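Undergrad: Predicted model follows, preceded by the sequence.
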Amino acid sequence: MAVWDALGVSHSFKQAVAMTAGGVMGTMCLAGLLILLHRRLTNARVSAVTRAGDKVLLLWLLVTLLLGLSTIFESASHMDGHMMVLLMTWAQHIVTLRGDAASFVAEAPLLFKAHLFMGMSLFVIFPFTRLVHVWSGFASVGYLGRAWQLVRSR
């Protein structure tokens, strides 16, 4: 936030950038998630090894993503950047483990609070799903050079 302020970028411009980038990235994530959900639910082989926790996680991600995309329309109704600054401050306080973070979202619309709840609670459920493998994948040095599909011989 300080960098944007030092460059003299207005809060309304920052909000427009956030809405545009969030909309583009969110739409790409939605497309990928819908493809993944379709494959998990319609491919018999993949569906057979999909656990209930994995399905819950995918639906949790879908609801979180849809709530996030819905906030774009809510944000468009107030382009002054005030709410965006409060949410940025909330995020900074969460990342730096400051205890007063909740005070910054107290006046936020319910839609924003629901999106924040779903996003933060994802950290509670993901250790019990296959999403936990994201950490082991990034930890290995060979991750970037590995084959896209691993085929095992019988």
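TA: Arrived safely, thanks for sending.
Undergrad: Do a quick rundown of the helices in this structure.
TA: Taking DSSP state H as the criterion, the chain carries its helices at 2-6, 11-42, 44-48, 52-76, 82-95, 102-105, 110-125, 133-139.
Undergrad: Just send those back as CSV, with mean neighbour count and mean pLDDT too.
TA: From N, CA and C alone the C-beta is placed, and that goes for glycine too. Below are the helices of the chain laid out as CSV (neighbours: other C-beta atoms under 10 Å; pLDDT from 0 to 100):
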stretch, mean neighbour count, mean pLDDT
helix 2-6, 9, 79
helix 11-42, 14, 95
helix 44-48, 9, 93
helix 52-76, 16, 94
helix 82-95, 16, 92
helix 102-105, 15, 93
helix 110-125, 14, 94
helix 133-139, 9, 70
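Undergrad: Span of stretch 95-103 from start to end?
TA: 15 Å (C-alpha to C-alpha, to the nearest Å).
Undergrad: Touching it from outside, list them.
TA: Applying C-beta atoms under 8 Å, 6 or more residues apart in numbering, the external contacts of stretch 95-103 come out as Trp90, His93, Ile94.
Undergrad: And the second one, how far from Asp100?
TA: The reference is to His93. Taking C-beta to C-beta, to the nearest Å as the measure, His93 falls 6 Å from Asp100.
Undergrad: What of the last one?
TA: Applying C-beta to C-beta, one obtains 11 Å for the distance of Ile94 from Asp100.
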